[in-house]
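J.: quick one, what's the 3D model for this:
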Amino acid sequence: MPEIDEPLCVLDVISGLGVGGAGATLLNLVTSPQNKARPLAVAVLVGHGKNRERLEAAGIPVFDILMSWGLSGLAGLVAFEVHSRL
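T.: Reported below is the predicted structural model:
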């Protein structure tokens with residue numbers, strides 16, 4: 001396996017960023033001191049939440065996928081792909 005000189009960027013994908021268990025766990029994970037040197041980003045599938053504000057305040061980029069049933073979910077994924085290549 002080849003060695004990697006720079007840290008990999010980690011994209012965490014989550015359905016929502018409410019104050020519930022998964023949102024709070026993700027917030028704790030990506031803002032922990034062990035992850036400060038690692039490039040991190042979060043993609044949220046639907047909606048907003050209190051933890052989005054906390055992630056952004058910590059300097060973590062948050063991308064909206066805007067998933068729903070039908071074409072808008074696909075359009076959100078395409079938009080994310082295009083934005084991530086810029």
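
J.: which parts of this protein are strands?
T.: 10-14, 40-44, 62-64 (DSSP state E).

J.: just say which of the ones you listed is most tucked in.
T.: Among the strands of the chain, strand 40-44 has the highest mean neighbour count (mean count of other C-beta atoms under 10 Å), at a mean of 20. Any C-beta I mention is one placed from the backbone N, CA and C, and that applies to glycine too.

J.: quick one: that one to strand 10-14, angle?
T.: On the basis of axes from the mean of the first three to the mean of the last three C-alpha atoms, to 10 degrees, strand 40-44 is oriented at 20 degrees to strand 10-14.

J.: per-residue confidence averaged over strand 40-44?
T.: Averaging pLDDT along strand 40-44 gives 86.

J.: so in that sheet, which strands flank it, and in what orientation?
T.: strand 10-14 (parallel), strand 62-64 (parallel) (DSSP bridges).

J.: related to what we said a few turns ago, quick one: closest of the strands of the chain to residue 29.
T.: Among those, strand 10-14 comes nearest to residue 29, with 7.6 Å by C-beta to C-beta.

J.: tabulate the CA atom coordinates of the closest one in CSV.
T.: Provided in CSV are the C-alpha atoms of strand 10-14 (Å, rounded to 0.1, in the frame of the first residue of the first chain):
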residue,chain,number,x,y,z
VAL,A,10,-13.1,13.1,5.4
LEU,A,11,-16.7,13.8,4.3
ASP,A,12,-19.3,12.8,6.9
VAL,A,13,-22.8,12.3,5.5
ILE,A,14,-25.7,12.6,7.9
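
J.: thank you kindly, that will do.
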